[in-house]
Each structure stands twice: as C-alpha cells, then as structure tokens.
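A structural model of the following input is requested.
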Amino acid sequence: MNLPTVIVLACGHGKRFLASGGTTHKLQARLAGKTVLQHTLDAVRASGLPWHLEDGEHPGMGDSIAAAVRATWQSNPASGGWLILPGDLPLVQSATLRAIAAALDAHEVVVPVYQGQRGHPVGFQASCREALLNLRGKKGAARVVIARAAIELIVNDVGCVFDIDTVADLHAAQALVQQLTSR
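Residues are numbered from 1 along each chain as shown. Have a look, this model is predicted:
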C-alpha cells in the first residue's frame with residue numbers, strides 16, 4: 001500500500017492573528033512550550049505518514065496546495081494521495097491523520113467531522129492529482145471536495161476543527177492543552 005503524504009500548509013501571512021494583538025506570525029506563537037507549527041508537525045511525525053511542509057510564497061491556498069502536490073508527486077510518483085493539513089491546527093491528533101489515510105483506501109476524498117463540524121486534514125486519493133494541480137486562488141480544495149463527493153469520517157478529535165487565527169484562539173488552545181494534560 002502506498003501511503004498518502006501529509007501536506008502541511010504554512011504559507012499564509014497570519015494577518016488576523018497580528019490584527020488581534022499577536023506580536024509574531026501565528027505559526028511561531030508559543031503554545032505549551034513549543035510553537036503552534038511545531039505542535040502540528042509533532043502530530044504529523046507521530047502519525048508515521050510521509051509529509052511535506054509547504055512554506056513558500058503563494059498567492060492563495062489553492063496555489064499552495066498545487067505547489068505541494070507537484071513537489072511531492074515529482075519526488076514520489078507512487079504516492080497514495082495527500083492529506084491537506086493547515087499548519088495552524090496544533091491540537092490535531094496523529095490518530096486522526098492515520099484514520100483519514102486508512103479511509104482513502106476505499107474513498108476518493110475524506111473529510112473528518114467532529115461534533116457535526118467539518119475539519120482537517122482533508123484526504124485525497126492520487127486520482128485527484130490533476131484537480132489538485134489545477135487549484136488556484138484563496139478557496140483551497142473546496143471545489144475538488146464537492147466535485148468528488150467526499151465522504152465524512154466521524155472523529156473524536158477537537159484538534160481537527162480547532163485552528164489558531166487570533167490571540168484569543170491561542171489562549172483557548174492553551175486552556176484546552178492544560179485541560180487535556182491534566183486528565
């Protein structure tokens with residue numbers, strides 16, 4: 001079985017975070033002793049899946065996804081697809097990444113759902129390569145998800161829907177980390 005590659009998107013400018021009072025880029029903000037991005041990457045590494053950090057300058061999320069798919073496809077044409085994970089989801093669990101990857105064996109596009117809310121990473125089989133390579137602009141891969149009739153995978157992972165966009169989000173994540181580690 002060819003494993004899908006987790007694409008961690010770290011290309012945005014984090015303007016909302018700065019506008020909310022942040023003093024650094026949101027991915028470099030400190031959360032429980034590490035940066036937000038480091039938490040995300042730790043979960044990705046713990047999943048055991050291959051991964052790629054896309055942190056180049058791109059006009060929009062669609063362009064970032066296309067660039068990452070292109071880069072990973074060139075280095076591994078036997079890829080089992082991709083899991084698209086924004087870098088600002090520091091609480092995502094490695095088990096969720098593995099569950100999405102496993103569901104790609106039977107489904108072309110897989111979206112995790114936590115308590116009725118769609119989250120990330122969104123998984124795409126290799127058959128979606130051309131559609132992903134043609135993405136442009138700010139909307140990401142939403143049109144591919146719709147066109148390919150994504151299935152929803154229920155997960156018990158608040159981290160798949162909890163992103164850091166503002167300083168208030170960072171404080172809420174800190175409280176959640178403390179709550180989870182005190183159990």
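
Tell me the spacing between the nearest residue to L91 once chain neighbours are set aside and H13.
Spatially, and ignoring its direct neighbours in sequence, L91 is nearest to G159 (3.2 Å; C-beta to C-beta, 6 or more residues apart in numbering). To be clear about C-beta, it is placed using only N, CA and C from the backbone, and glycine gets the same treatment. According to C-beta to C-beta, to the nearest Å, G159 stands 23 Å off from H13.

so what's A141 up against?
Counting by C-beta atoms under 8 Å, 6 or more residues apart in numbering, A141 makes contact with G62, I65, I84, V122, F124, L132, L135.

Give me the contact list for the helix or strand harbouring I84.
Secondary structure from DSSP states H and E places I84 in strand 82-86. The set of residues external to strand 82-86 that reach it, using C-beta under 8 Å, 6+ apart, is 4-9, 40, 44, 49, 65, 68-69, 72, 92, 97, 100-101, 120-124, 128, 132, 140-141, 163.

just for this structure, where's the confidence low?
1, 78 (pLDDT under 70).

Okay, strands next: where are they in it?
Here the chain has its strands, by DSSP state E, at 5-9, 30-31, 34-35, 51-54, 82-86, 109-114, 117-118, 122-124, 151-154.

Return the distance of A149 relative to V111.
According to C-beta to C-beta, A149 and V111 sit 11 Å apart.

Look up how far S94 lies from C160.
11 Å.

more crowded one of those two?
More neighbours surround C160 than the other of C160 and S94, with 28 against 18 (other C-beta atoms under 10 Å).

close enough to count as contact, the more buried one and G119?
Yes. Using C-beta atoms under 8 Å, C160 is in contact with G119, at 3.4 Å.

Quick check: neighbours shared by the two?
L89, P112.

So for stretch 74-90, first residue to last residue, what's the gap.
Taking C-alpha to C-alpha, to the nearest Å, the first and last residues of stretch 74-90 lie 28 Å apart.

For it, what is the distance to the chain centroid?
8 Å (C-alpha atoms, centre = their mean, to the nearest Å).

cool, and stretch 109-125?
10 Å.

Give the buried residues for it.
Of all the residues in stretch 109-125, those buried under the rule 16 or more other C-beta atoms under 10 Å are 109-114, 119-125.

List just the nearest of the residues you listed to K26.
Proximity of those to K26 (C-beta to C-beta) peaks at H120, which lies at 15.4 Å.

looking at it, the closest one is touching D88, isn't it?
No. If you go by C-beta under 8 Å, H120 and D88 don't touch, sitting 9.6 Å apart.

I am assuming L97 contacts A43, so please confirm or correct that.
Yes. Using C-beta under 8 Å, L97 is in contact with A43, at 6.8 Å.

okay, and the common contacts of the two?
With C-beta under 8 Å, 6+ apart, L97 and A43 have no common neighbours.

so what's G119 up against?
G119 neighbours (C-beta under 8 Å, 6+ apart): L89, V111, P112, V113, V155, D157, C160, V161.
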